[in-house]
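S.K.: Need a 3D model of the following:
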Amino acid sequence: MAMQENTTPWLPERLSERLLAWFDQHARPLPWRRDRTPYRVWVAEVMLQQTQAETVIPYYARFLARFPTLETLAAAELEDVLKVWEGLGYYARARNLHAAARQVMAELGGRLPGTFEGLRALPGFGPYTAGAVASIAFGQPVVALDGNARRVLTRLFAVEGDLRRAPATPRLMALGQALLPPDRPGAFNEALMELGATLCRPRAPHCADCPLSGDCLAHRAGRETLFPQTTPRRPQPHYDVTAAVLTRLDGCVLLTRRAANDFLGGLWEFPGGKREAGESLPQCLAREMREEVGVEVEVGEPFLRLKHAYTHFRITLYVFRCRLLNGEPRCLDCAGVRWVAPAEMDALPMSATDRRIARAVQAEYQEGRWKSQQREAKSGLPASLP
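M.R.: Next comes the predicted model:
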């Protein structure tokens, strides 16, 4: 009923043609829109998940310089992939990209499947990524809706309900599929996303410049900023977390690697963990060192305090200098353990918070304070450990 209120007949073809004409003229010259191959399209679409295009650009260039083909990605070690990805966040994307490349090489002769269903069978290919790669790289008539595209359709058709709730998804997919031109499905999907990223912005949409504003039900009602409708999010939980800077006489620092299936899996970190109820921070760190690497430590003076927000929770990270009292570090609740010289830390993939700790350790080492601290702690540190 609402769509019939337009002053001109609503036709999917007309809307799609106008959107594509706008896209042909105004599309940003993004690097992944040049020299397209299925592999390059796939890498770009994975990186663009939950990340703005401007942020992705340097990572995309760096990733392709290191892994120019699917074959080179599959042949690489996961640690190398995570290192190139470092700083982009959402590291499960990199792990899935690597796993899928290896599966394609091992089972599919090194060629990505050209269908939505075939892509969905690979690690990391959810409905959006499979739809985007199938349509853009292979011309398959499949709709692909990211957050930007969903916002455009929600306003265009005044779709009621919270987009984060399941009932809204089938409605939006049906609307997108109805608009999808069979001769240019990939360009249409990109155009819809481009419109959301550049004009149909969340808080301040540029309706005067939008090629679809005349047919947009939300705009015609003066309610564009009321769509998409959302329900208030629950407050993010906050956790206190501890980490140890545990050094050896030769200046090396103990690092552990997170298990591949853990949060931030595959990354190296300064060992530690989340404080439990009733624990002091030093008690927490001492317990974590026993449980994670099987050593007894004396928790010394504070080294850093960092705050960081992840997607669904926030942390305050308390970093302490520690002295080894007893035991030989070994993996009890981690995927790897290493003594690493400060100068070698740059070669290892780390999260944003652990990289900040590493930078602080390196700064002290370069300033010459490290050796004096080692001499002061000499009586409590073993001369060498494997």
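S.K.: any chance you could map the strands in the chain?
M.R.: Per DSSP state E, the chain carries strands over the ranges 238-246, 253-257, 268-269, 272-274, 296-309, 314-326, 336-340.
S.K.: Near Gly89, how many other residues are there?
M.R.: Neighbour count for Gly89, taken as other Cβ atoms under 10 Å: 17. C-beta here means a position set from N, CA and C on the backbone, and glycine is covered the same way.
S.K.: Do I have it right that it meets Thr51?
M.R.: Yes. Using Cβ atoms under 8 Å, Gly89 is in contact with Thr51, at 7.3 Å.
S.K.: picking that back up, can you redo the strands of the chain as TSV, where the extra columns are mean neighbour count, mean pLDDT and distance to Arg34?
M.R.: Shown next, in TSV, are the strands of the chain (neighbours: other Cβ atoms under 10 Å; pLDDT from 0 to 100; distance: least, Cβ to Cβ, whole Å):
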stretch	mean neighbour count	mean pLDDT	distance to Arg34
strand 238-246	21	97	42
strand 253-257	23	97	36
strand 268-269	24	97	35
strand 272-274	18	96	44
strand 296-309	15	96	34
strand 314-326	18	96	39
strand 336-340	17	96	39
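S.K.: So for Phe63, which of the ones you listed sits nearest?
M.R.: Closest approach to Phe63 among the strands of the chain (Cβ to Cβ): strand 268-269, 19.5 Å.
S.K.: could the strands of the chain go into TSV alongside distance to Val104?
M.R.: Converted to TSV, the strands of the chain look like this (distance: least, Cβ to Cβ, whole Å):
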stretch	distance to Val104
strand 238-246	37
strand 253-257	26
strand 268-269	27
strand 272-274	36
strand 296-309	34
strand 314-326	36
strand 336-340	27
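S.K.: Quick check: pLDDT value at the closest residue to Leu217 other than its chain neighbours.
M.R.: Of all residues not flanking Leu217 in the chain, Ala158 sits nearest, at 3.9 Å (Cβ to Cβ, 6 or more residues apart in numbering). As predicted, Ala158 sits at a pLDDT of 91.
S.K.: cool, the one 10 residues further on as well?
M.R.: pLDDT, the model's per-residue confidence, is 75 for Ala168.
S.K.: now it: how far from Arg151?
M.R.: 12 Å (Cβ to Cβ, to the nearest Å).
S.K.: more crowded one of the two?
M.R.: The neighbour count for Ala168 versus Arg151, taken as other Cβ under 10 Å, is higher for Arg151 (25 against 19).
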